[in-house]
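> structural data only, the sequence is not supplied:
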């Protein structure tokens with residue numbers, strides 16, 4: 001089976017897992033909360049690469065994990081990622097009308113309901129992740145640690161902290177330094193990728209040295225992923241990317257491309273990706289390997305959407 005077909009099969013399985021954990025409206029005739037639940041489902045079902053649950057599952061497999069305990073976490077991290085996009089698209093943030101080729105949540109349900117849908121997804125993500133305890137009665141400590149990692153990487157010391165720095169950087173223009181930009185990318189983008197891979201490693205029973213290695217590799221994957229995002233915002237089209245291009249320029253955002261140019265940004269993106277692969281390949285000495293995971297990381301270098 002070639003990589004593309006294997007990727008398609010794995011993503012289809014992830015879609016089934018995510019949908020199994022999405023909230024449902026109650027059977028009551030007057031369910032006053034049904035609109036926010038519909039908006040939450042709409043936001044997740046718009047689609048996407050499902051990269052974070054995929055990286056989580058593949059890292060879990062890398063360290064020998066084979067149980068269903070990973071599944072609630074896979075659904076949870078996609079809910080967290082989706083909530084961040086719902087809020088990111090709002091007029092107060094990036095003011096985007098399209099996401100993944102479809103109308104953004106606020107464009108369909110209004111700003112207030114989009115805010116509530118994002119809030120709902122964040123809260124429901126942890127309600128979902130907590131279900132893992134029922135699937136891991138023999139090792140609740142691993143599940144608790146995985147929850148802690150997920151919470152920290154999604155919070156003020158992770159994604160939300162990065163989003164804060166990103167918003168404040170909009171008014172700084174060329175005063176934004178490479179150090180500042182790396183902080184934004186490390187927290188806004190890489191943190192959730194770190195969460196995905198670290199949770200997979202922890203739940204599979206990886207040791208501390210291995211978890212640290214995975215955290216470093218995930219950081220570099222996240223930075224490379226964001227640099228490619230910056231490049232595509234300049235070089236791609238709405239039809240290909242599924243969301244408006246030129247959004248960074250419209251919002252006067254300093255990016256890796258405006259800081260270093262496309263050629264240098266592309267080169268650094270490859271360096272980050274290749275070093276992440278090198279780190280993961282170093283595990284082969286202990287018989288720990290996942291060929292698909294390496295191919296997945298390589299594919300991120302040349303992705304077009």
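Alright, I've got the coordinates. None of the values given here were measured: they were computed from a predicted structure.
> what are the ranges of the helices in the stretch 151-300 of the chain?
Assigned by DSSP state H, counting those that start in this stretch, the helices in the stretch 151-300 of the chain fall at 159-169, 178-184, 191-204, 208-235, 238-241, 247-250, 256-281, 291-301.
> and those helices, which is most packed in?
Across the helices of the stretch 151-300 of the chain, averaging neighbours per residue (mean count of other C-beta atoms under 10 Å) puts helix 191-204 on top, at a mean of 27. Quick note: C-beta positions are derived from backbone N, CA and C, even for glycine.
> off-centre distance for that one?
Between the centre of helix 191-204 and the centre of its chain there are 11 Å (C-alpha atoms, centre = their mean, to the nearest Å).
> that helix packs against which elements?
Applying 3 or more C-beta pairs under 8 Å, 6 or more residues apart in numbering; DSSP states H and E, one finds that helix 191-204 makes contact with helix 51-62, helix 70-88, helix 140-154, helix 159-169, helix 208-235.
> distance from the longest one to the middle of the chain?
With C-alpha atoms, centre = their mean as the basis, helix 208-235 stands 11 Å off its chain's centre.
> try the first one
Its chain's average C-alpha position is 12 Å from that of helix 51-62, according to C-alpha atoms, centre = their mean.
> what does the second one give?
Taking the mean of its C-alpha atoms, helix 70-88 sits 7 Å from the chain's own mean (C-alpha atoms, centre = their mean).
> so what does it touch, helix or strand wise?
Applying 3+ C-beta pairs under 8 Å, 6+ apart, we find helix 70-88 packed against helix 3-21, helix 34-45, helix 51-62, helix 111-129, helix 140-154, helix 159-169, helix 191-204.
> summarise which helices and strands the third one is packed against.
Think helix 51-62. Using 3+ C-beta pairs under 8 Å, 6+ apart, helix 51-62 sits against helix 3-21, helix 70-88, helix 191-204, helix 208-235, helix 291-301.
> mind checking which of these is nearest residue 49?
Taking C-beta to C-beta as the criterion, helix 3-21 is the member of these that comes nearest to residue 49, at 7.6 Å.
> could you list the buried residues of the closest one?
For helix 3-21, a neighbour-count test (16 or more other C-beta atoms under 10 Å) marks 7, 10-11, 13-15, 17-18, 21 as buried.
> what's the angle between it and helix 34-45?
170 degrees (axes from the mean of the first three to the mean of the last three C-alpha atoms, to 10 degrees).
> avg pLDDT for helix 3-21?
Averaged across helix 3-21, the pLDDT comes to 96.
> what sits up against that helix?
Contacts to helix 3-21, defined as C-beta atoms under 8 Å, 6 or more residues apart in numbering, come from residues 1, 44-45, 49-50, 53-54, 57, 71-72, 74-76, 78, 128, 131, 292, 295-296, 299.
> how about a cut-off of 7 Å?
Outside helix 3-21, the residues that touch it by C-beta atoms under 7 Å, 6 or more residues apart in numbering are 44, 50, 53-54, 71-72, 74-75, 78, 128, 292, 295.
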